[in-house]
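A.B. asks: please find the sequence and the predicted model below.
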Amino acid sequence: MKYTPTLTGLAALAMAVGIGVVPTSAHASGTLAGAEVDGVIVVSGNTCSWTGADASATPPSALTVDRSTINKPGGNLTCAGGITASLNNNPAFTFDDAAGTATTDVIDLTGKQSFVSCRYKVTNIVWNRDGATRKYVNTPFTATKVSGSFLCPGSFSAAAGEASVVFR
């Protein structure tokens, strides 16, 4: 069966959305004081973005991101193109300031468009820091389908720079 670019975009968008989720200061969600993070991803012409997600610490300390501050109703994740996305886990980030990188342990996301729902998981994503800032952009990765419609691709790859997160 041939998959449409829209479904492939849905899969990639769903994965990338979860990847960029990183912390902010303590909110009512109950996380410890941390950093505030904004993120954006553009896949197949569709853009997802969020602001002010909570994490358990500030970089370069290891931290965990609270998915409830990204997903609606507690977060403000929005996507264009009729796509909705949600993060299924609280990703852990570690930082290597000497190398200028961050690594995410696992990103587990679900994307939905119309009646088609796709769930994907990717491990050990490496992010490159932009100069001396706390902006990080993804390196290439491949996500594997965990569950969802037969219309969902079995996996998808994302090129470097298709997602970014900014800790502030």
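C.D. replies: Cool, got the structure.

A.B. asks: least confident secondary structure element in the protein?
C.D. replies: For the chain, counting by mean pLDDT, DSSP states H and E, helix 5-19 ranks last in confidence among helices and strands (a mean of 46).

A.B. asks: so where do the strands sit in the chain?
C.D. replies: In the chain, the strands defined using DSSP state E lie at 36-43, 46-54, 63-64, 78-79, 83-87, 92-96, 101-113, 116-129, 135-138, 141-148, 155-158, 163-167.

A.B. asks: chain center to the third one: distance?
C.D. replies: To tie it back to what came earlier, the one meant is strand 63-64. Relative to its parent chain, strand 63-64 has a centroid offset of 14 Å by Cα atoms, centre = their mean, to the nearest Å.

A.B. asks: same question for the second one.
C.D. replies: Averaged C-alpha coordinates place strand 46-54 at 9 Å from its chain's average position (Cα atoms, centre = their mean).

A.B. asks: about what we covered before: want to throw the strands of the chain into CSV with distance to Asn71, mean pLDDT and mean neighbour count?
C.D. replies: Bear in mind the C-beta positions are built from the backbone N, C-alpha and C, glycine included. Below are the strands of the chain laid out as CSV (distance: least, Cβ to Cβ, whole Å; pLDDT from 0 to 100; neighbours: other Cβ atoms under 10 Å):
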stretch, distance to Asn71, mean pLDDT, mean neighbour count
strand 36-43, 13, 78, 22
strand 46-54, 9, 89, 22
strand 63-64, 15, 88, 23
strand 78-79, 11, 92, 18
strand 83-87, 5, 90, 23
strand 92-96, 17, 95, 18
strand 101-113, 10, 93, 21
strand 116-129, 14, 95, 20
strand 135-138, 20, 95, 21
strand 141-148, 17, 94, 17
strand 155-158, 20, 86, 19
strand 163-167, 16, 88, 24
